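Enquirer: Task: produce atomic coordinates for the following.
(one chain, ligands or ions: 1)
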Amino acid sequence: MSNVEDTRICVVMVGLPARGKSLIAQKVVRYLSWLSISAKAFNVGTYRRHDTPQPTADFFDTKNPEGERLRHAAAEAAVADMLKWFDNSKGVVAILDATNSVKSRRRWVNERCAANNIQTLYVESKCDDEDLIMSNILEVKTTSPDYKGQDPEVAAQDFRNRIRNYEKVYQTIDEDEKDLTYVKLINVGSQVIINQIKDYLQSRVVYYLMNLHIRPRSIWLSRHGESEFNLSGRIGGDADISPRGELYARKLPELVAESVGDDRHLTIWTSTLKRTIQTARFLAASPKGYTKLEWKALDELDSGVCDGLTYQEIEDRYPEDFRARDDDKYNYRYRGGESYRDVVIRLEPIIMELERSENIIIVTHQAVLRCIYAYYMNVPQEKSPWMEVPLHTLIKLTPKAYSTQEERFKGNIPAVSTWRGKGSSARHQ
Ligand SMILES: O=P(O)(O)OC[C@H]1O[C@@](CO)(OP(=O)(O)O)[C@@H](O)[C@@H]1O
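Expert: Numbering: from 1, shown residues only. Just a heads-up that it's a prediction; the model follows:
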């Protein structure tokens, strides 16, 4: 009998070139890794490039036997590595990123996985929005190693021919495959068809996929203005903002306007604590009519028995805890409180809602902000709790196809630093 914890899934991407498959694969990996679910993408193109670094469109013609043979060999090599990864690295979710455009290929993957006790979840990305396809083609031809150093016009034409070769044989997932577990994403986000989802982990991946969209947008992050507790070096609590914090609150609408650049409608999210609500109040009152929401999930990391203490008081009263937190800050849970890991779990609905939404500005706390930032910027767990997130600074994140672009806008209003380096005694701050 198998255990729920033993669930292993291979997410098999399906779709013509330039349908955003790699982008979806990378997002799923980033999301699962953020949740500490071991995930990895296996891109068949990378394996194919070992033998055929820069093929022309003819290589992808199914009437070309040598091309067919090499493409199948690449898929074999990717699947073999994937199976090794499941066993050697205790992998949980692998993404097989390839076109997997015909039924026979999909059956083959299914058999290989079933023989190794791995479930399959097919994710077909279908897209008939010409603008979307064109922008993807543009992205691919400018970033793919297949076209490195080539004339962009020639590359674009070749890539269109490659797509045409795939179109000749492409088989969408249909009735014959209704025994398979699959999701069809039509024009990313506008329509989703799901079939035979079997368990919690699968439904979690599917739920994430359902919430994705690719309309352009940004996310703004800010800590609250300096608080009275920040001034006295106390953690947690529910203090008011300081006079300098108030200056930042008043400056925020201007800083936001400067960084937005147009008349987009923003939604403001704050925590339920006074320092974030006070900081966002001028923004909320702006003539632009921004909507405002308060989330308990955005409240600061709960420091339990240490709430209201300074780092020095914590070091004096709980020296072992103080050291334990430095040793493994991500996992250390305050007595009666939370760890960074706990915060990530309670932030999952926030991330899901952010994926669904367009332009959001979040005014929140140091630890919460580190966790949200880590999701977008793919920061590993050993690093994220130590990141410097200065007060009185607005961060603008703009998700792009393969990375997130970051800009910082300084309020130019002095504030204390609440950052403490690893291993340093609180006394030497
Ligand atoms: O995890 P560390 O680095 O202690 O940072 C979290 C701390 O940041 C603080 C400030 O020191 O957050 P906040 O921005 O809400 O004032 C504390 O309340 C909180 O405990």
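Enquirer: wait, is Val123 part of a strand?
Expert: Yes. According to DSSP: H, G, I helix; E, B strand; the rest coil, Val123 belongs to a strand.
Enquirer: what does the stretch 151-300 of the chain have sitting close to the ligand?
Expert: For the stretch 151-300 of the chain, the residues in contact with the ligand (C-beta under 6 Å from any ligand atom) are Arg223, Ser227, Asn230, Ile235, Gly236, Glu300. Where C-beta positions appear, they are placed from N, C-alpha and C, glycine not excepted.
Enquirer: what helices or strands is the lowest-mean-pLDDT helix or strand in the chain leaning on?
Expert: In the chain, the helix or strand scored least confidently by mean pLDDT, DSSP states H and E is helix 130-143, which has a mean of 82. If contacts are counted by 3 or more C-beta pairs under 8 Å, 6 or more residues apart in numbering; DSSP states H and E, helix 130-143 sits against helix 152-169.
Enquirer: can you pull the alpha-carbon coordinates of stretch 375-393 into PDB?
Expert: C-alpha atoms of stretch 375-393 as PDB (Å, rounded to 0.1, in the frame of the first residue of the first chain):
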ATOM      1  CA  TYR A 375       8.400  33.900  -4.000                       C
ATOM      2  CA  TYR A 376       8.800  36.400  -6.800                       C
ATOM      3  CA  MET A 377      12.600  36.500  -6.800                       C
ATOM      4  CA  ASN A 378      13.200  32.800  -6.100                       C
ATOM      5  CA  VAL A 379      15.300  33.500  -3.000                       C
ATOM      6  CA  PRO A 380      16.400  30.200  -1.300                       C
ATOM      7  CA  GLN A 381      15.200  29.600   2.300                       C
ATOM      8  CA  GLU A 382      18.600  29.900   3.900                       C
ATOM      9  CA  LYS A 383      18.800  33.500   2.500                       C
ATOM     10  CA  SER A 384      15.300  34.900   2.600                       C
ATOM     11  CA  PRO A 385      15.000  35.500   6.400                       C
ATOM     12  CA  TRP A 386      18.300  37.500   6.300                       C
ATOM     13  CA  MET A 387      17.400  39.800   3.400                       C
ATOM     14  CA  GLU A 388      17.600  43.600   4.100                       C
ATOM     15  CA  VAL A 389      14.300  45.200   3.500                       C
ATOM     16  CA  PRO A 390      14.800  48.800   4.400                       C
ATOM     17  CA  LEU A 391      12.000  51.000   5.900                       C
ATOM     18  CA  HIS A 392      10.700  53.900   3.800                       C
ATOM     19  CA  THR A 393      11.400  52.300   0.500                       C
END
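Enquirer: pLDDT on it, on average?
Expert: Throughout stretch 375-393, pLDDT has a mean value of 97.
Enquirer: Just the buried positions in it, please.
Expert: The neighbour-count check on stretch 375-393 (16 or more other C-beta atoms under 10 Å) flags Tyr375, Tyr376, Val379, Gln381, Ser384, Pro385, Val389, Leu391, His392, Thr393 as buried.
Enquirer: which other residues reach the least confident helix or strand of the chain?
Expert: Taking contacts as C-beta atoms under 8 Å, 6 or more residues apart in numbering, the residues outside helix 130-143 that touch it are 17-20, 127, 147, 152, 155-156, 159-160, 163, 187-188, 214, 401-402.
Enquirer: Now, of those residues, which are buried?
Expert: Neighbour counting over the contacts of helix 130-143 (16+ other C-beta under 10 Å) leaves 17-20, 127, 147, 155-156, 159-160, 163, 187-188, 214 as the buried ones.
Enquirer: Just put those residues in JSON lines and tack on pLDDT.
Expert: Output for the buried ones among the contacts of helix 130-143, formatted as JSON lines (pLDDT from 0 to 100):
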{"residue": "Pro17", "pLDDT": "93"}
{"residue": "Ala18", "pLDDT": "90"}
{"residue": "Arg19", "pLDDT": "92"}
{"residue": "Gly20", "pLDDT": "89"}
{"residue": "Cys127", "pLDDT": "91"}
{"residue": "Tyr147", "pLDDT": "90"}
{"residue": "Ala155", "pLDDT": "90"}
{"residue": "Ala156", "pLDDT": "89"}
{"residue": "Phe159", "pLDDT": "91"}
{"residue": "Arg160", "pLDDT": "92"}
{"residue": "Ile163", "pLDDT": "94"}
{"residue": "Asn187", "pLDDT": "89"}
{"residue": "Val188", "pLDDT": "82"}
{"residue": "Ile214", "pLDDT": "77"}
